[in-house]
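Peer 1: Show me how the following folds:
(one chain, ligands or ions: 1)
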Amino acid sequence: MEKPVEVETVPVHENLGGIYHDIEVRGESERWTSLYKGFEDVFELSPDFISRSPGRVNIIGEHIDYSLFPVLPMAIHADTLVAMKTERRGREGYFKIEIANLEGEQFPKESWEETSDSEIAIDEKTHAWTNYFRAGLRGSLKLLREKNGADWRPRDMKVMVHGTVPPAGGLSSSAALVTACALAILYGQGMKKVEKLELTRLAIESERAVGVNSGGMDQSASVMSQKDAALYVQFTPKLSVRHVEFPKMDPSLVFVIAQSFVKADKKVSGPFHYNLRVVECTLAALMLLQQLSPEAEGKLPHPLPQDDSPLNISLGTVFNIFWDTADDYTRTKFPDATKVDDSMLQRLDYFANRFVDEVLPSETYSKKEIAQSLGVSEEYLDHNFIKKRFPVPAETFRLRDRAKHVFSEAARVYKFMDLLESGPKRPETDLEFAKRLGDLLNQSQQSCINKFDCSARELDRICLYARVAGSLGSRLTGAGWGGATVHLVPASKVNSVRAALREQYYKDMSINGERLTDKQIEDAVIVSRPGSGSAIFSTSNKKDGYKAFGNEVGTWGE
Ligand code: NG1
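Peer 2: Numbers count the residues shown, from 1 in each chain. Presented below is the predicted three-dimensional model:
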């Protein structure tokens, strides 16, 4: 089951069957053909290759990746495709980018020039779709320059994009877009072996340039997933993954994804939602950290420990410091901790239910209170955390509940993994076992509602209706505040869940005054099989160009 991925490179396919499940290939061959032809229509040339990166659904482990605790997402079928041709034509000292989208009305074409040594500028306030390309470009150029030396010059790029991951829908359209762009740029600029881990790290950094202090779950899932397996992602001591298959069960279980149609655009709402949560978790980490050694009493240790989280110090790191270096001082101060055995679950439970309550007794903390308690100025907090990179305007912070969510959610991920890896215990029936998995999803949703305040009324309603109709576990997936939900459903109950959501949620719903169409309702609920991660499809040595996509399945005619 365990597979090291450090040296794995992104696969280069010549067959769509290597990328999609068989049943998906026919529809995809038509779509890939449209992209290829769309490219030829706009640029009057054929693309050299197409890169592809999928969206993801998170099964469990919400809002804990940026605290560096493990998460369990899986890639979905929906993805972003980037067709590209590179050439050397433009002015000396410059390179040119022409980028279009198959859905040109919604995503207008752009072209611009950059100097060969430029640091790509991104104006995150414009929320332009091409910012994601720019973000991928900035990260990729940095890596290419490191590998190729300072004299290396980028080639011109013609680019055509198409995505099927719904934007702001909680399925990580942004990570799919950034990752597919970064992969296309690396490959198109001459890196024929793109290391998965390198691409993932680059995509995480790149996405942080677009206005969100994001964790690393989405990019990991998009790049490193494999067909028919969920992906267990660990962020410490370094980024690593395990491919996890679900035990075969009777009744068989499927994951159903249901859209809420409530837009959750992190870049717009970031200062009040996502980025604020990152700040709250970071401030909570500082408050806990300050308790951990005699020198730190009443002030922060100097220098602060540093990690790879968005603001460089996280709840996960403080948790590790506590248990790895617990000394006499900590033991005297927190005697209960000495009774905790060294299992992760016990330790997380101690943090979620004892330590956090003791250190953070109040529901909210003002900036002034936090600064006083840490022995630093408010300016220091602003400069290093609250207004660093993407400022959040908040003056009060709910540290206790945020931290309790993080530690309890991390425990749920461990429990879920334990169950998956040990399978049903005799004489437990498969259904009883499945219910235990489902309970963890339901508890996660409860914690997202009560402690992390990242759900939405619509998401709660969908979860409720789905559970009544037979889902064993239902929760929001991704950042929340809208977007999508995920449900663990016995295959025999999928139709009743679908029918219940249609009747009770979608039927009377309207967007901008318009009722949902039958097609929208049909597409809103999908059964998702774990899909594969990023890939390149090389078309340059195909005599038949786009026919390559259809020929191998015999669906493309003249
Ligand atoms: P969404 O908004 O669903 O793509 C975001 C973050 C993840 C993770 C989840 C919450 C980005 C790109 N993704 O996912 O890293 O923190 O929220 O678990 O910011």
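Peer 1: you'd agree Leu197 is up against Leu239?
Peer 2: Yes - Leu197 is in contact with Leu239 according to CB atoms under 8 Å; the separation is 6.4 Å. All C-beta spots, glycine's among them, are computed from the backbone N, C-alpha and C.
Peer 1: all strands of the stretch 101-250 of the chain, in order?
Peer 2: 110-115, 156-163, 230-234, 240-244 (DSSP state E, counting those that start in this stretch).
Peer 1: Equivalent analysis for the stretch 301-450 of the chain, please.
Peer 2: Along the stretch 301-450 of the chain, counting by DSSP E, counting those that start in this stretch, strands occupy 365-366, 396-397.
Peer 1: what's the closest of those to Val268?
Peer 2: strand 396-397 (21.1 Å; CB to CB).
Peer 1: From the contact counts, what lies against that closest one?
Peer 2: helix 274-289, strand 365-366, helix 367-374 (3 or more CB pairs under 8 Å, 6 or more residues apart in numbering; DSSP states H and E).
Peer 1: Next one, pLDDT for Thr429 please.
Peer 2: In this prediction, Thr429 carries a pLDDT score of 89.
Peer 1: What's the local residue count around it?
Peer 2: Other residues near Thr429 number 12, with proximity taken as other CB atoms under 10 Å.
Peer 1: Nearest to the ligand within the protein, name that residue for me.
Peer 2: Closest to the ligand within the chain is Gly478: 2.3 Å, counting by CB to the nearest ligand atom.
Peer 1: Out of the helices and strands packed on strand 396-397, which one sits most buried?
Peer 2: helix 274-289 (a mean of 25; mean count of other CB atoms under 10 Å).
Peer 1: what packs against that one?
Peer 2: Counting by 3+ CB pairs under 8 Å, 6+ apart, helix 274-289 packs on helix 315-325, helix 356-359, helix 367-374, strand 396-397, helix 399-422.
Peer 1: out of the helices and strands packed on strand 396-397, which comes closest to Gly483?
Peer 2: Among the helices and strands packed on strand 396-397, the nearest to Gly483 by CB to CB is helix 274-289 (11.5 Å).
Peer 1: which residues sit in contact with the residue nearest the centre of the chain?
Peer 2: With distances taken as CA atoms, centre = their mean, Asp218 lies nearest the centre of the chain, 2.0 Å away. For Asp218, the contact set (CB atoms under 8 Å, 6 or more residues apart in numbering) comprises 56, 73, 172, 174-175, 207, 478.
Peer 1: what's the pLDDT at it?
Peer 2: 97.
Peer 1: Name the nearest residue to Gln226, sequence neighbours excluded.
Peer 2: His243 (5.1 Å; CB to CB, 6 or more residues apart in numbering).
Peer 1: That neighbour contacts Leu231, doesn't it?
Peer 2: Yes - with contact defined as CB under 8 Å, His243 reaches Leu231; the gap is 6.4 Å.
Peer 1: Next up, the contacts around Val212.
Peer 2: The contact partners of Val212, by CB under 8 Å, 6+ apart, come to 174, 266-267, 270, 274-275, 390.
Peer 1: Asn384 too?
Peer 2: Asn384 neighbours (CB under 8 Å, 6+ apart): Leu311.
Peer 1: Start from the N-terminal end of the stretch 451-558 of the chain and give the strands.
Peer 2: Along the stretch 451-558 of the chain, counting by DSSP E, counting those that start in this stretch, strands occupy 473-477, 484-490, 510-511, 514-515, 525-528, 535-538.
Peer 1: how about a markdown table for the ones you listed, with mean neighbour count added?
Peer 2: Below are those laid out as a markdown table (neighbours: other CB atoms under 10 Å):
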| stretch | mean neighbour count |
| --- | --- |
| strand 473-477 | 29 |
| strand 484-490 | 27 |
| strand 510-511 | 10 |
| strand 514-515 | 11 |
| strand 525-528 | 18 |
| strand 535-538 | 22 |
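Peer 1: Can you check which of those strands gets nearest to Leu186?
Peer 2: Comparing these by CB to CB, strand 535-538 comes nearest, at 9.7 Å.
Peer 1: Pull out the C-alpha coordinates of that closest one and format them as CSV.
Peer 2: In CSV, the C-alpha atoms belonging to strand 535-538 read as follows (Å, rounded to 0.1, in the frame of the first residue of the first chain):
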residue,chain,number,x,y,z
ALA,A,535,-0.3,14.0,-16.5
ILE,A,536,1.1,15.2,-19.9
PHE,A,537,-0.4,14.0,-23.2
SER,A,538,2.2,14.4,-25.9
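Peer 1: Quick check: which helices or strands does that strand pack against?
Peer 2: Using 3+ CB pairs under 8 Å, 6+ apart, strand 535-538 sits against strand 12-13, strand 49-60.
Peer 1: about what we covered before: looking at the helices and strands packed on helix 274-289, which one is packed in the most?
Peer 2: Taking mean count of other CB under 10 Å, helix 399-422 is the most buried of the helices and strands packed on helix 274-289, at a mean of 22.
Peer 1: Under the pLDDT cut-off, which ranges of the stretch 301-450 of the chain? List them.
Peer 2: Applying pLDDT under 70 to the stretch 301-450 of the chain flags the ranges 326-328.
Peer 1: Would you tell me which residues of the protein are close to the ligand?
Peer 2: Selection of the chain residues close to the ligand by CB under 6 Å from any ligand atom yields 58, 62-63, 65-66, 170, 172, 174-175, 207, 212, 214-215, 217-218, 266, 478-479.
Peer 1: and with 5 Å instead?
Peer 2: Counting by CB under 5 Å from any ligand atom, the residues of the chain lying close to the ligand are 62-63, 65, 170, 172, 175, 212, 214-215, 217-218, 478-479.
Peer 1: out of those residues, who has the most neighbours?
Peer 2: Ser172 (33 neighbours).
Peer 1: Do you have the helices of the stretch 451-558 of the chain handy? List them.
Peer 2: Using DSSP state H, counting those that start in this stretch, the helices found in the stretch 451-558 of the chain span residues 457-468, 494-501, 518-524, 547-551.
Peer 1: list the buried ones in the first one?
Peer 2: This means helix 457-468. Residues 458-460, 462-467 are the ones in helix 457-468 that count as buried (16 or more other CB atoms under 10 Å).
Peer 1: who touches Ser67 in this structure?
Peer 2: 215, 281, 285, 309, 314-316, 406, 410.
Peer 1: Enumerate every residue touching the closest residue to it other than its chain neighbours.
Peer 2: Nearest-residue entry for Ser67: Leu315, 4.1 Å, with adjacent residues in sequence omitted and distances by CB to CB, 6+ apart. Going by CB under 8 Å, 6+ apart, Leu315 touches 67-69, 281, 284-285, 288, 403, 406-407.
Peer 1: cool, Gly478 as well?
Peer 2: Neighbouring residues of Gly478 by CB under 8 Å, 6+ apart: 57-58, 62, 170-172, 218, 264, 484.
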